[in-house]
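Peer 1: just coords:
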DNA sequence: TGCGACGTTGACTACGTAGTCAACCGTCAG
DNA sequence: CTGACGGTTGACTACGTAGTCAACGTCGCA
């Protein structure tokens, strides 16, 4: 069982009639090796089925070609997209990807996942969802490059100026979710809704905080007091249950859900209450998940360009690892409002001034 | 940048006034160490912030605590659930998880992902989605334990007897998707539909083949000739487009989509054609994705118990790695038909004999 | 023809850990 | 009181690779 490694460079060297060091040169594609010898070594490698021992290599070079990634989930849309994007961006870079999923939403859970990765001698650390906490007392080895998708502090958005993060050398990239959320709420207000209710994501997630921040900012700009906040956990069920609660209040005409799945649950709740989307209640989501466009009521939502964000982020992380730190450590990519059929003027809007339509 | 590792066991040993070997004993929790010395070493470890060097350990023990997993995607429901389940099952086992995503659906793509993992000295290999090919000419190091979720050969299902796989020692576990698909189609036939059309998943995936097999089996048992097969790529869009095509034919009353997302697209297509689900056209999916229950038309679908499958599979894989191979190498977990509101008798069924309702 | 420069090759060694084995200690039975 | 034994500790070494540096050979130029 399992004794996978048997053939070493010395075996190849003996077979090819050269030194171990020469085999090393061939394997690593170093110059200063005669073509004839290179071919001979290659042949010996093939014959013996030699594969370099990664552990020995890591030991002697004192560095690992491994990136560790902490993710809160692999099945939620955002984290899954980030994981996929990071993997894509890493392919061909020479770095391997190690994944650790957090088991809960607390600091201890995040720390446990980080520790597991750090124990693997990673060259860089990716935090898919940095927890939203006052003082992120995370123990991360000094000098280990860190990339976070989204700042742990709910950003003031659009301002590209950086808020200080816990680690001065931390890379922070992401879509501008705050501005994206803001544009969704502004869209609803522009349609004529008096106010917009928000179904927040899981408490403690920075993404939750950013979307709440955008929601509050839009309401504040419009001079509207924010109604009580409700929290779900990103699942359709939680969106459904929160919306059922919400619909007990009078005059609810617009709901902004923190993600598309909660929006789907909310639509169901509205319909079960005998109301129609969007005629009676408008609903907007966040993510532009693939199914959003194909729901019976296609969903107005906010799209993030995960491919671009992850590509740029990984590029900068690898640069930092290899001693070429980017000049700019923080970057927000614009998010895009996608207006579909789940949002419309409120029932009595036609009796008021015609609402100015507005695109993000 | 990045010189993460500085403190070695010898440093700790000097600090604690013991030998490096004793530090090694303490770190690994070996017996035969006086409590006083153990405490002294622990203190020195804390003070110096020592962390064991994984590469050196792997080099000398000749084995890695790493499981490599190949997945075709991290955002599709099934693969994401498998990834999440494997990660959960691995937590606390002492093994780390390395992920490689295939870039395409060909053998070469799968092989490339496998090679990348093998280069990392993995102790075990997990294939989330074994490609469906006649002769899987995959190069996998001899003696490396392999776990596949679902056989690469579209199984005859229910029979728990194993079909021969490429590697005699390969572990093959999964939900009985063939039986699950069969039960969905039988459900539709029992409702009175003359036939059931199938929107298949991405060609080349074994999951696609298994669901097709179940579909064909159910039709065959009912003495119905299978209508032409259509293929999508698991996305709602592909389900939508396939259904638009399909609805050009006359007399289409029942569609079984290979996953819930394609079913969502199909529902949209039906509704856009001016027809109703389920009154005019019944639609069933596969996966029981979280949103399936909360769609405007809650979806009849098939649920796999990914948690159970992955837990069992990882348990057996780890056992195999550690020299305790399970007696049983193949196992199918039953899949469960979930009947909701997207399926009903066909439009004219009431004019015929009342259809016998049937549960799986 | 002679000399230096440069390209090629290999011997030696370090990297940090765990396995092997011997030395040492105290205890207990004879 | 002495020898044996078991528990504790450390010296030495191997693991497989890449870095360092020296030796060697060849070529071009003076």
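Peer 2: Arrived safely. Every value quoted in this text rests on a predicted model; they were computed, and no experiment measured them. Numbers count the residues shown, from 1 in each chain, chains lettered A, B, ... in the order given.

Peer 1: which positions in the stretch 51-200 of chain A make contact with DNA strand C?
Peer 2: The interface of the stretch 51-200 of chain A toward DNA strand C, taken as Cβ under 7 Å from any atom of the strand, is made up of A:56, A:59-60, A:62. (Glycine included, C-beta is placed from N, CA and C.)

Peer 1: what two of these are the furthest from one another?
Peer 2: A:56 and A:62 (12.1 Å; Cβ to Cβ).

Peer 1: quick check on the two: which one has the bigger neighbour count.
Peer 2: residue A:56 (18 against 14; other Cβ atoms under 10 Å in any protein chain shown).

Peer 1: spell out which residues of the stretch 101-250 of chain A are next to chain B.
Peer 2: Applying Cβ under 8 Å from any Cβ of the partner chain, we find that the stretch 101-250 of chain A lies next to chain B at A:101, A:103, A:116, A:118-121, A:123-124, A:141, A:143-145, A:235-237, A:239-240.

Peer 1: the residue nearest to the spatial centre of chain A: what's it in contact with?
Peer 2: Among the residues of chain A, the one closest to the centroid is residue A:82, at 4.0 Å (Cα atoms, centre = their mean). Neighbour list for residue A:82: A:71, A:128, A:149, A:306, A:309-310 [criterion: Cβ atoms under 8 Å, 6 or more residues apart in numbering or on different chains].

Peer 1: specify which member of these is nearest to DNA strand D.
Peer 2: Relative to DNA strand D, the closest of the contacts of residue A:82 is residue A:310; by Cβ to the nearest atom of the strand it sits at 29.0 Å.

Peer 1: host element of that closest one?
Peer 2: Here residue A:310, judged by DSSP states H and E, is contained in helix A:306-321.

Peer 1: partners of whatever helix or strand comes next after that helix, with directions?
Peer 2: Where DSSP H and E defines the elements, the next helix or strand beyond helix A:306-321 is strand A:330-333. Using DSSP bridges, the neighbouring strands of strand A:330-333 in the sheet come out as strand A:171-175 (parallel).

Peer 1: residue A:296 - that's part of a strand, no?
Peer 2: No. Counting by DSSP: H, G, I helix; E, B strand; the rest coil, one finds residue A:296 to be coil, located in no strand.

Peer 1: from residue A:278, how far off is the closest residue to it other than its chain neighbours?
Peer 2: Distances taken as Cβ to Cβ, 6 or more residues apart in numbering or on different chains place residue B:296 nearest to residue A:296, at 4.1 Å, with adjacent residues excluded. Computed as Cβ to Cβ, to the nearest Å, the residue B:296 to residue A:278 distance reads 13 Å.

Peer 1: neighbour count: these two, which is higher?
Peer 2: residue A:278 (23 against 19).

Peer 1: who's in contact with that one?
Peer 2: For residue A:278, counting by Cβ under 8 Å, 6+ apart, the contacting residues are A:297, A:341-344.

Peer 1: same question for it, what's its three-state structure.
Peer 2: Put simply, residue A:278 is coil when judged by three-state DSSP.

Peer 1: quick check: closest non-adjacent residue to it.
Peer 2: residue A:344 (3.7 Å).

Peer 1: what's around the one you found, how many residues?
Peer 2: For residue A:344, which is what you asked about, the neighbour count (other Cβ under 10 Å) is 22.

Peer 1: give me the distance between the two termini of stretch A:284-295.
Peer 2: One end of stretch A:284-295 to the other measures 13 Å (Cα to Cα, to the nearest Å).

Peer 1: and the pLDDT for the closest residue to DNA strand C within the stretch 251-360 of chain A?
Peer 2: Taking Cβ to the nearest atom of the strand as the measure, the stretch 251-360 of chain A has residue A:321 as its residue closest to DNA strand C, at 18.4 Å. pLDDT, the model's per-residue confidence, is 93 for residue A:321.

Peer 1: kindly report the same for residue A:2.
Peer 2: Confidence score, pLDDT, at residue A:2: 39.

Peer 1: let's have the residues of the stretch 51-200 of chain A next to DNA strand C in TSV, adding distance to chain B, pLDDT and secondary structure.
Peer 2: Below are these laid out as TSV (distance: Cβ to the nearest Cβ, whole Å; pLDDT from 0 to 100; DSSP: H, G, I helix; E, B strand; the rest coil):
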residue	distance to chain B	pLDDT	secondary structure
A:56	5	95	helix
A:59	4	94	helix
A:60	9	94	helix
A:62	6	90	coil
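
Peer 1: ok, which of those residues also contact DNA strand D?
Peer 2: Taking Cβ under 7 Å from any atom of the strand, the overlap between these and the neighbourhood of DNA strand D is A:56, A:59-60.

Peer 1: one step back: now do whichever strand or helix holds the residue nearest to the centre of chain A: distance to the chain's middle.
Peer 2: For residue A:82, the element it lies in under DSSP H and E is helix A:77-90. Chain-centre distance of helix A:77-90: 7 Å, with Cα atoms, centre = their mean, to the nearest Å.

Peer 1: which residues touch the helix or strand following it?
Peer 2: Tracing the chain past helix A:77-90, the next element assigned as helix or strand by DSSP H and E is strand A:96-101. Residues outside strand A:96-101 that contact it (Cβ under 8 Å, 6+ apart) are A:65-74, A:83, A:86-87, A:90, A:113-114, A:116-117, A:120, A:122, B:83-84, B:87-88, B:91, B:96-100, B:116, B:120.

Peer 1: now swap in stretch A:29-37 and tell me
Peer 2: Under Cβ under 8 Å, 6+ apart, the answer for stretch A:29-37 is A:16, A:18, A:22, A:24-26, A:41.

Peer 1: recalculate using a threshold of 6 Å.
Peer 2: In this structure, residues lying in contact with stretch A:29-37 by Cβ atoms under 6 Å, 6 or more residues apart in numbering or on different chains are A:25-26.

Peer 1: again with stretch A:192-212
Peer 2: Counting by Cβ under 6 Å, 6+ apart, stretch A:192-212 makes contact with A:105, A:129-132, A:150, A:152, A:154, A:177-178, A:181, A:185, A:188, A:215, A:224, A:227, A:229-234, A:239, A:242, A:246, A:252-258, A:262, A:345-346, A:349, A:355, all of which sit outside it.

Peer 1: buried subset of the residues you listed?
Peer 2: Burial by neighbour count, 16 or more other Cβ atoms under 10 Å in any protein chain shown: within the contacts of stretch A:192-212 this picks out A:105, A:129-132, A:150, A:152, A:154, A:177-178, A:181, A:185, A:188, A:215, A:227, A:230-234, A:239, A:242, A:246, A:252-258, A:262, A:345-346, A:349, A:355.

Peer 1: so which of those belong to strands?
Peer 2: Secondary structure assignment (DSSP state E) places A:230-231, A:254-257 from these within strands.

Peer 1: which two among those residues are spaced furthest apart?
Peer 2: Considering Cβ to Cβ, no two members of these lie farther apart than A:231 and A:254, which are separated by 18.1 Å.

Peer 1: can you give me the helices in the stretch 151-300 of chain A?
Peer 2: A:177-190, A:206-221, A:236-246, A:260-272 (DSSP state H, counting those that start in this stretch).

Peer 1: between the contacts of residue A:278, which has the most around it?
Peer 2: Neighbour count (other Cβ under 10 Å) singles out residue A:342 as the most crowded of those, with 26 neighbours.

Peer 1: give the contact list for that residue.
Peer 2: With contacts taken as Cβ under 6 Å, 6+ apart, residue A:342 has the following neighbours: A:277-278, A:283, A:297, A:299-300.
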